[in-house]
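Peer 1: sequence? don't have it. structure:
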């Protein structure tokens, strides 16, 4: 059973709502409270009646716009708070042309979303950081699949888009430009000169890993990459090829199926170990691929790191928990997500670009190397 709440305070409601100071005004907080508890959603008209003002005054007071007497603004805000009423985003969007919502679009198709969200620590951290930064900016975030057509982009009904891992000549980038939707990408679009992206310096990070392996005695390093057309894979491959050329080492590159990277890495590593020029180290770029390398090494009776040194291109709790623990690159996904949202908010605010925002990486050295 719900007890009707009343409050005692003096306000000037105008001639039609005249009250004496100290009266119990059941027609304000009392009726609004009862209305909410009975299941009817409060409206701007209810707040206007409770505060003794017009609907236009409520709108101006809640939006912070217009010349409203501070006492009136405070009275309107108190009435709205008591009723549990806030301006509807849809109505605000009609007035401003903005929805207050941004979307985060991740690469895989719909069939593999569950696996990515459940098993990718990188994606979990990045998504959580994006959501937190969006809330701090007073906006909402929608987690969405990549729009395949412009009608799907329009259906998202968002002010801006965060696109993770764009591909070369990415159609989503073109759609956003044509539709006037502000876009920031997490990692650069290959071949693009747009400054609106946040990412890592994957060339420098890859060279750092290769130098680390070389210092530990590795002379034949294999690279397990992915078949996707993503900038981080392209940049890592280019840095690896240059590093091998500088040392006269034959490149050993295998492209993996990104849907099952651990299984694909185990198969590719087994084939490399059975070949004539067996590597003494492996840099496995895709998420979880290093676990497949460890499995192949065990199956071949090899010691890690004694016979084969292993480094993962993406860190996660699985790398630290593996036996042996796997050396890995920390790409700082939480920082990437927060900075991407901040950049998108600046773009939505009409600020000029300041160039790409590069987040430093850390090589977490563990037992595997």
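Peer 2: That came through fine. Here the structure is a predicted model, which is why all the values come from computation and not from measurement. Numbering: from 1, shown residues only.

Peer 1: What helix or strand is residue 222 located in?
Peer 2: Taking DSSP states H and E as the definition, residue 222 sits inside strand 221-226.

Peer 1: how much does the helix or strand just after that strand deviate in direction from strand 221-226?
Peer 2: Moving toward the C-terminus from strand 221-226, the next helix or strand (DSSP H and E) is helix 231-247. Interaxial angle, helix 231-247 versus strand 221-226 (axes from the mean of the first three to the mean of the last three C-alpha atoms, to 10 degrees): 160 degrees.

Peer 1: Going by contacts, tell me the helices and strands next to helix 231-247.
Peer 2: Packing partners of helix 231-247 (3 or more C-beta pairs under 8 Å, 6 or more residues apart in numbering; DSSP states H and E): helix 202-215, strand 221-226. Just so you know, the C-beta spots here come from the backbone N, C-alpha and C atoms, and that holds for glycine as well.

Peer 1: picking up where we left off before, and the contacts of the strand holding residue 222?
Peer 2: Contacts of strand 221-226 from elsewhere in the structure, counted by C-beta atoms under 8 Å, 6 or more residues apart in numbering, are 210, 213-214, 233, 236-237, 240, 244, 249, 251-256, 258, 261, 265, 268-269, 272, 279-286, 289, 293.

Peer 1: In ChimeraX, select just the buried ones from those residues.
Peer 2: Command for ChimeraX that selects the buried part of the contacts of strand 221-226, burial taken from 16 or more other C-beta atoms under 10 Å:
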select :210,213,233,236,237,240,244,249,252,254,255,256,258,261,265,268,269,272,279,280,281,282,283,284,285,286,289,293
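
Peer 1: Among the contacts of strand 221-226, which ones are in strands?
Peer 2: Judged by DSSP state E, the contacts of strand 221-226 include 252-256, 281-284 as members of strands.

Peer 1: Surely residue 178 is in a helix?
Peer 2: Yes: counting by DSSP: H, G, I helix; E, B strand; the rest coil, residue 178 is found in a helix.

Peer 1: could you point out which element follows the helix or strand of the chain with the lowest mean pLDDT?
Peer 2: Ranked by mean pLDDT, DSSP states H and E, the weakest helix or strand in the chain is helix 31-37, scoring a mean of 42. Using DSSP H and E, the next helix or strand after helix 31-37 towards the C-terminus is helix 44-51.

Peer 1: pLDDT (mean, whole number) over that following helix?
Peer 2: Mean per-residue pLDDT for helix 44-51: 87.

Peer 1: which strands and helices sit next to that helix?
Peer 2: Counting by 3+ C-beta pairs under 8 Å, 6+ apart, the packing neighbours recorded for helix 44-51 are helix 31-37, helix 55-63, helix 70-83.

Peer 1: Centre of the chain to the last one, how far?
Peer 2: It refers to helix 70-83. 36 Å (C-alpha atoms, centre = their mean, to the nearest Å).

Peer 1: can you pull out the helices in the stretch 51-200 of the chain?
Peer 2: With helices called from DSSP state H, counting those that start in this stretch, the stretch 51-200 of the chain shows them at 55-63, 70-83, 89-96, 113-119, 121-136, 150-156, 171-179.

Peer 1: Buried residues of the fifth one, list them for me.
Peer 2: By neighbour count, with 16+ other C-beta under 10 Å as the criterion, the buried positions of helix 121-136 are 121-127, 129-131, 133-134.

Peer 1: Residues in contact with that helix: which ones?
Peer 2: Under the criterion C-beta under 8 Å, 6+ apart, residues 102, 104, 106, 116-117, 140-141, 143, 162, 164, 186, 287, 314-318, 331, 333-338, 340-342 lie in contact with helix 121-136.

Peer 1: Which ones among those map onto strands?
Peer 2: Secondary structure assignment by DSSP E places 102, 104, 106, 140-141, 143, 162, 164, 186 of those in strands.

Peer 1: about what we covered before: among the buried residues of helix 121-136, which two are most distant?
Peer 2: Largest separation among the buried residues of helix 121-136 by C-beta to C-beta: 121 and 134, giving 20.3 Å.

Peer 1: contacting residues for the closest residue to residue 176 other than its chain neighbours?
Peer 2: Closest residue in space to residue 176, ignoring its immediate chain neighbours: residue 183 at 4.2 Å, by C-beta to C-beta, 6 or more residues apart in numbering. Going by C-beta under 8 Å, 6+ apart, residue 183 touches 160-161, 163, 172-173, 176-177, 196, 344, 347.

Peer 1: hang on, the earlier thing: please produce CSV containing the ones in strands among the contacts of strand 221-226, extended by pLDDT and distance to residue 54.
Peer 2: Conversion of those to CSV gives the following (pLDDT from 0 to 100; distance: C-beta to C-beta, whole Å):
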residue, pLDDT, distance to residue 54
252, 96, 75
253, 97, 70
254, 96, 70
255, 95, 66
256, 94, 65
281, 98, 74
282, 98, 71
283, 98, 67
284, 98, 66
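
Peer 1: My read is that residue 291 contacts residue 262, right?
Peer 2: Yes: Residue 291 lies in contact with residue 262 (C-beta atoms under 8 Å); the separation is 4.8 Å.

Peer 1: Do me a favour and get the end-to-end distance for stretch 242-257?
Peer 2: The first residue of stretch 242-257 is 24 Å away from its last residue (C-alpha to C-alpha, to the nearest Å).
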